[in-house]
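Visitor: my questions are about this predicted structure, shown below with the sequence.
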Amino acid sequence: MNQRRIVLAVFLMFIVALLPGLLFKPKVTNRPAIGSRDTTVRAPAPAALPGRDSTVQGVVETPRPSAALPAETVWVTSPLYRFGFTTRGARMVAAELAQYVSFAQTDTQALANLIPVGHPMLGSRLVLGTDTVSLSDLAFTANRQANSVTFTAPLGSGSVTLSYHFVPDDYHLSVSGKIEGLGDTGGVLLVDLGQGLRSVDAEPLADYREFAVVTKADKTQKTTFASLDPGERAVLDGPFEWVAVKSKYFFAAVLAPEQKARPFAGAIAVGQTRDSVAVAGLFGTRRTPLATRAAVTTTLAVPPAGDFRYDVYVGPFEHRRLDRLGHGLDDANPYGWSIFRPIIHPVSLVVVRILFWMHERLHLAYGWVLVIFGVLIRMLLWPLQQKAMESQMRMQAVQPLMTDLQARYKSDPAKLQQEMLKLYREHKINPLGGCLPMLLPMPVLLALFFVFSNTIEFRGVPFLWLPDLARHDPLYIIPVVMGVSMFAVSKLGQRGLPPNPQTKMLLYFMPAMLTFVFLRLASGLNLYYAVQNLISLPQQYLISQRRLAAQAKK
């Protein structure tokens, strides 16, 4: 729904920008060594949350069996996460992120847990010729060390060893394993990414629409869960550098230990049942069926010696963190739709870096950062607005000459065009000069739409009465202010111009329409646009005064 609204908004904004002109002619962090004997995590502990013990207990924690989790569960804790692994198959059954609260209605004041109950991750099956052995069904024994957990289980006449190595200050972990007794041909390991991530957002529909399997070969490729019917199988041909499942703000991937290596031969995603998802709107709540699960598996070759290795990332879409890790992981959640991405993605990266810099260096809340950013953009465009006004006034001055040329050469379009261009050159008129200043802010506005849709740093950030800059204003105050200010800017912009029924209709129609379109878009986006309009009012007033004064001299 939001995507349809923004497409409509973009279309309408381009009409607003163009139509008047047509009508009037006018650093990499140092990682602790794996295997360090010091189990104390010295990074700052996360702030205490209601109902949670904020004490950090080291990298490996005493097992805490739970009735909801099979067999024994080994918990690994750091200031960033609390990962749970079951001894039944050595699989990941919980991934709680200590710095992110779940906004799901059933998770009041709980940490964001990315693993759905009953759908563990990192299970595996071993393919030997025509036989398949499920390692996920084996009963492993866990050996806990400082920064690692090693699981061991017998397998026929041999054994299986699987070790997870952790970094306290990162969501990135490495996995190494050995399967004894493979023989001379080796085998293929099927690594299971479960059935996707668990939604921990307040608006699940927007989250579910982003559920997808993403792969990286020469470039990233995304297959959304919503595109798969129940039972439908999508076979993705590799080899891949990494294979991942994603939601709107979170990400789980298995990836090559070395940059540019492609150890994963392929991936398979099988659609699961569709769920009935509640959709809140202006006129109440409705339910819509949507595919929220897909079983995702990738393949990894195991040599005869039985050794294998891969890395894992389970955490937030923090673009700067993913960029430091390499592998092109930051491209798993790019800014912009495919048709606009070549323009929007670079602009979005620049915009988000500016916002981060202002927040971190000036120690300002993101809401005030958006206000200042809106003011700065408008001030940068002030000279262009002045030039556009001057071009428009010159256009009005030569309007009688243009009318005369149109009457004289009405039967010779080519000659008319030649004379019109000559007239423009003589009077230093740019026919598009009035439109350009209105078009230039559009890429920034579009970029901010995707920034608020994809950037986790804005998730749950409050400002004044707004509980979350990444979600709509629950009181709809900011969209109304945006619409009213847009009307005021348009009203001032028409002062001194010849009366026109079409522009008079647009004066009322466009602000009302855009207000409706923006009602349920991110409040941060509305805040930026409203500030842009409010800052434009003094300039529009001065421009209209100069236009009226020029007319009075005639």
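Guide: Thanks, I have the structure now.
Visitor: now the stretch 401-550 of the chain, which segments are flagged as low pLDDT?
Guide: The model of the stretch 401-550 of the chain has pLDDT under 70 over residues 428-441, 496-504, 550.
Visitor: quick one: the helices in the stretch 151-300 of the chain?
Guide: Under the criterion DSSP state H, counting those that start in this stretch, helices of the stretch 151-300 of the chain are mapped to 204-208.
Visitor: what does the domain assignment say about the chain?
Guide: Taking automatic domain parsing as the criterion, the chain consists of the domains 2-23+357-552, 73-327.
Visitor: CSV for those, including distance to residue 343?
Guide: C-beta: built from backbone N, CA, C; applies to glycine. What follows is these, written out as CSV (distance: least, C-beta to C-beta, whole Å):
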stretch, distance to residue 343
domain 2-23+357-552, 6
domain 73-327, 18
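Visitor: nearest to residue 340, of those?
Guide: Comparing the domains of the chain against residue 340 with C-beta to C-beta, the closest turns out to be domain 2-23+357-552 (6.9 Å).
Visitor: out of the domains of the chain, flag the one nearest residue 342.
Guide: The closest approach between residue 342 and any of the domains of the chain, judged by C-beta to C-beta, belongs to domain 2-23+357-552 at 11.3 Å.
Visitor: gap between that closest one and the chain center?
Guide: Relative to its parent chain, domain 2-23+357-552 has a centroid offset of 26 Å by C-alpha atoms, centre = their mean, to the nearest Å.
Visitor: picking that back up, let's have the domains of the chain in TSV, adding mean neighbour count and distance to residue 347.
Guide: As requested, the domains of the chain are arranged in TSV below (neighbours: other C-beta atoms under 10 Å; distance: least, C-beta to C-beta, whole Å):
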stretch	mean neighbour count	distance to residue 347
domain 2-23+357-552	17	4
domain 73-327	19	14
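Visitor: do you know which of these lies nearest residue 335?
Guide: With C-beta to C-beta as the measure, domain 2-23+357-552 is the member of those nearest residue 335 (4.1 Å).
Visitor: quick one, phi psi at the nearest residue to residue 333 once chain neighbours are set aside?
Guide: Once flanking residues are discounted, residue 333 sits nearest to residue 317: 4.8 Å by C-beta to C-beta, 6 or more residues apart in numbering. Main-chain torsions, residue 317, degrees, to the nearest 10: phi -80, psi 70.
Visitor: show me what contacts residue 317?
Guide: Contact analysis of residue 317 by C-beta atoms under 8 Å, 6 or more residues apart in numbering lists 246, 249-251, 332-333, 454-456.
Visitor: could you do residue 196 as well?
Guide: Residue 196 makes contact with 116, 119, 211, 225, 245, 247, 292-294, 296, according to C-beta under 8 Å, 6+ apart.
Visitor: which member of those residues is positioned nearest residue 350?
Guide: Within those, distances to residue 350 taken as C-beta to C-beta reach their minimum at residue 247, with 25.5 Å.
Visitor: show me what stretch 362-380 is in contact with.
Guide: Residues outside stretch 362-380 that contact it (C-beta under 8 Å, 6+ apart): 354-355, 358-359, 441, 444, 457-458, 461-464, 466, 469, 524, 527-529, 531-532, 535-536.
Visitor: any stretches of this structure with poor pLDDT?
Guide: Scanning the chain for pLDDT under 70 picks out 1-70, 109, 276-287, 336-338, 386, 388-399, 428-441, 496-504, 550-554.
Visitor: closest to the centroid, which residue in it?
Guide: For the chain, the residue whose C-alpha lies nearest the mean C-alpha position (C-alpha atoms, centre = their mean) is residue 454; its distance is 1.6 Å.
Visitor: wait, that one sits on residue 335?
Guide: Yes. Counting by C-beta atoms under 8 Å, a contact exists between residue 454 and residue 335, whose distance comes to 6.0 Å.
Visitor: circling back to that earlier point, spatially, which residue comes closest to the residue nearest to the centre of the chain, not counting chain neighbours?
Guide: Distances taken as C-beta to C-beta, 6+ apart place residue 333 nearest to residue 454, at 5.4 Å, with adjacent residues excluded.
Visitor: got it, and residue 114?
Guide: In space, and not counting its chain neighbours, residue 114 is closest to residue 95: 4.4 Å by C-beta to C-beta, 6+ apart.
Visitor: confirm for me that the one you found is in contact with residue 81.
Guide: Yes. When contacts are counted by C-beta under 8 Å, residue 95 is listed as touching residue 81 (6.6 Å).
Visitor: which neighbours do the two have in common?
Guide: Shared contacts of residue 95 and residue 81, defined by C-beta under 8 Å, 6+ apart, comprise 314-315.
Visitor: before we move on, back to that, would you convert the contacts of residue 196 into TSV that also reports distance to residue 235?
Guide: Compiled in TSV, those are given as follows (distance: C-beta to C-beta, whole Å):
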residue	distance to residue 235
116	24
119	21
211	19
225	16
245	16
247	23
292	21
293	18
294	13
296	12
